[in-house]
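Q: Can you look at this prediction? I've put the sequence above it.
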Amino acid sequence: MKDKMTLILFSGDLDKAIAGFNLATAAASMGIEVVIFFTFWGLNIIRKEKKVSRTKGLKKKLFGIINKGGVNNLPLSRFHMSGIGTKMMKQLMKEMKFPPLAELMKLAKNLGVKFVACTTTMGMMGLTKDDLIPEVDAYAGAATYLANAGQSRINLFL
Amino acid sequence: MKDKMTLILFSGDLDKAIAGFNLATAAASMGIEVVIFFTFWGLNIIRKEKKVSRTKGLKKKLFGIINKGGVNNLPLSRFHMSGIGTKMMKQLMKEMKFPPLAELMKLAKNLGVKFVACTTTMGMMGLTKDDLIPEVDAYAGAATYLANAGQSRINLFL
Amino acid sequence: MKDKMTLILFSGDLDKAIAGFNLATAAASMGIEVVIFFTFWGLNIIRKEKKVSRTKGLKKKLFGIINKGGVNNLPLSRFHMSGIGTKMMKQLMKEMKFPPLAELMKLAKNLGVKFVACTTTMGMMGLTKDDLIPEVDAYAGAATYLANAGQSRINLFL
């Protein structure tokens, strides 16, 4: 088994994403190999801002609009309160000089953390490669996750 | 350590259950032994449809009615919207030829995935063995989970 | 790798906390070393009752008031229903002679389970050491978690 960690980011919640990237950057800076799998709502974290997929089908389009993506549009898992709580938390983080999620993600990339988008759920969410940020390293499914997790000391589902 | 994976399905959310069974079927088809522990709201996934437990006690009965079980009654973790969002997601899955959860569960059983119901939380939820589907392989508590997880390369809590 | 388990309690939900401490006490009584990391809303589990932090700053103070802490103030992840569902669940647990969370936590401490508070998110939540219960064994960040998890057979994120 390698000094390696995998994270599944299933939830698109801002706080869980911060927890995940905080772990990922800490691990990578300690020399641990890190692979993050973005699936379901977690795909929102690696979605381009405001871009609505041009996929055919009314339902997919509707879902794409309701389910806002982009690192700056993620809600808190608690006290989102139509955005007021989330805004307050972001201001608190700023006052405390804690880096915003977008910066944590940049840092993670610079430290060699791999970003993998789940192809199975991309379809379900009506997302194409064009909807995701260019920092994504690979597009893959459960088999790739399992191959990576089987080699890793730490595997978490967030 | 064995080529084995355990999943705890704590949440009874449709999307998390799909994520879990997607991983479970992929793993089992790769020859990985898989054990799924259903606990708390996750017990709803293996509850018979519409059956309300005949357990004594008003509170247990009330809880059994509010907390709907059965694979076709699970809400999404996000955008359930009184059922509208969940229905839309199911239709999207159908259009994309993605198997519904009930089929993923059947596939999992056929591939040898083990279903374990948590006895401790069955009591809390007012559920008896009679309320659960016959596909359950075992009824057990935390000690059984820990024995299985201690042998497994991958352990996730969903 | 040691016979060791780490849990990250991220969510401050009562049901997830019960699931975590149920696993922790079972593991500890089987001779497994257990370390629990409390982060984000999970810090509410180890907050003193009703104590509102005297930290400066209106936003932090507001957040401290909205985000109630203390083992007796935790909501359910589902059917909290402004407290009615949570109260009902607590009564069900009592009727079934299932120990309340506060007792599970005491048992865990007696069995040697280690409580670690995440310093990074304590700041974000406007919490100081003075806001947390004296049972906390250590205050640390991601590096400490990773060092512990890297040695453990079982690592879960709740």
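A: Okay, I see it. Numbering: from 1, shown residues only, chains lettered A, B, ... in the order given.

Q: hey, let's count contacts and neighbours off CA atoms from now on
A: Noted.

Q: Is the longest helix seen in chain A positioned near chain B?
A: Across chain A, the longest stretch assigned as helix under DSSP state H is helix A:14-29. No - using Cα under 8 Å from any Cα of the partner chain, we find that helix A:14-29 stays clear of chain B, coming within 13.4 Å at best.

Q: roughly how far out does whichever helix or strand comes after that helix sit from the chain middle?
A: Next helix or strand after helix A:14-29 toward the C-terminus (DSSP states H and E): strand A:33-38. Centroid separation for strand A:33-38 versus its chain: 10 Å, with Cα atoms, centre = their mean, to the nearest Å.

Q: again with stretch A:80-99
A: For stretch A:80-99, the distance to the chain centre is 18 Å (Cα atoms, centre = their mean).

Q: So for chain A, the centremost residue is which one?
A: Closest residue to the average C-alpha location of chain A: A:Ile45 at 3.9 Å, with Cα atoms, centre = their mean.

Q: Quick check: pLDDT value at the residue nearest to that one when sequence neighbours are not counted.
A: Nearest residue to A:Ile45 in three dimensions, chain neighbours excluded: A:Val71, at 5.0 Å (Cα to Cα, 6 or more residues apart in numbering or on different chains). In the predicted model, A:Val71 carries a pLDDT score of 89.

Q: now A:Lys60
A: pLDDT, read off for A:Lys60, is 69.

Q: Ok, the one 5 residues further on next?
A: The pLDDT attached to A:Ile65 in the predicted structure is 70.

Q: try the one 10 residues further on
A: If you check A:Pro75, the pLDDT there is 88.

Q: What of the one 5 residues further on?
A: In the predicted model, A:His80 carries a pLDDT score of 81.

Q: residues in chain A within reach of chain C, list them.
A: Contact residues (Cα under 8 Å from any Cα) of chain A with chain C: A:3, A:15, A:22-23, A:26-27, A:30, A:88-89, A:92-93, A:96, A:153-158.

Q: If we use 7 Å, what do you get?
A: With Cα under 7 Å from any Cα of the partner chain as the criterion, chain A meets chain C at residues A:23, A:26-27, A:92-93, A:153-154, A:156-158.

Q: For the residue nearest to the centre of chain A, list the residues it contacts.
A: A:Ile45 sits next to A:12, A:69-71 when contact means Cα atoms under 7 Å, 6 or more residues apart in numbering or on different chains.

Q: ok, A:Met124 - contacts?
A: A:Met124 neighbours (Cα under 7 Å, 6+ apart): B:92-93.

Q: Show me the longest strand that occurs in chain A.
A: In chain A, assigned by DSSP state E, the strand with the most residues is strand A:2-9.

Q: Is any residue of that one near chain B?
A: No - residues of strand A:2-9 are not located near chain B by Cα under 7 Å from any Cα, the shortest gap being 9.6 Å.

Q: Pretty sure A:Tyr139 sits in a strand.
A: Yes - assignment of A:Tyr139 by DSSP: H, G, I helix; E, B strand; the rest coil places it within a strand.

Q: sorry, back to before: let me know the closest of the contacts of A:Ile45 to B:Leu104.
A: The shortest approach to B:Leu104 among the contacts of A:Ile45 belongs to A:Gly12, at 23.8 Å (Cα to Cα).

Q: That closest one in helix, strand or coil?
A: Under three-state DSSP, A:Gly12 comes out as coil.

Q: cool, A:Leu156 as well?
A: strand.

Q: thought it was touching B:Leu156?
A: Yes - A:Leu156 lies in contact with B:Leu156 (Cα atoms under 7 Å); the separation is 6.1 Å.

Q: Touching both of these two, which residues are there?
A: C:Leu156.

Q: Quick one: mean pLDDT for stretch A:86-106?
A: Averaging pLDDT along stretch A:86-106 yields 89.

Q: in it, what's buried?
A: Buried residues in stretch A:86-106, defined by neighbour count with 16 or more other Cα atoms under 10 Å in any protein chain shown: A:86, A:88-93, A:98, A:100-102, A:104-105.

Q: which residues sit against that stretch?
A: Contacts of stretch A:86-106 (Cα under 7 Å, 6+ apart): A:18, A:21, A:71, A:75-76, A:80, C:124.

Q: Do me a favour and get the end-to-end distance for it?
A: Chord length of stretch A:86-106, first to last residue, is 21 Å (Cα to Cα, to the nearest Å).

Q: For A:Met89, pull up the helix or strand it's in.
A: Assigned by DSSP H and E, A:Met89 belongs to helix A:84-95.

Q: Looking at A:Lys48 now. What's its pLDDT?
A: 93.

Q: Specify which member of the contacts of stretch A:86-106 is nearest to C:Val113.
A: C:Met124 (25.5 Å).

Q: A:Pro75 contacts A:Asp15, correct?
A: No - here A:Pro75 does not reach A:Asp15: they are 8.1 Å apart, not a contact under Cα under 7 Å.

Q: which SS class is A:Leu127?
A: Using three-state DSSP, the structure places A:Leu127 in coil.

Q: State the distance from it to C:Lys106.
A: In terms of Cα to Cα, A:Leu127 sits 47 Å off from C:Lys106.

Q: Over to A:Gln151?
A: Taking Cα to Cα as the measure, A:Gln151 falls 36 Å from C:Lys106.

Q: what do you get for A:Asn148?
A: Applying Cα to Cα to A:Asn148 and C:Lys106 gives a distance of 38 Å.

Q: Just to be sure, A:Val136 is in a strand?
A: No - counting by three-state DSSP, A:Val136 is not part of a strand but coil.
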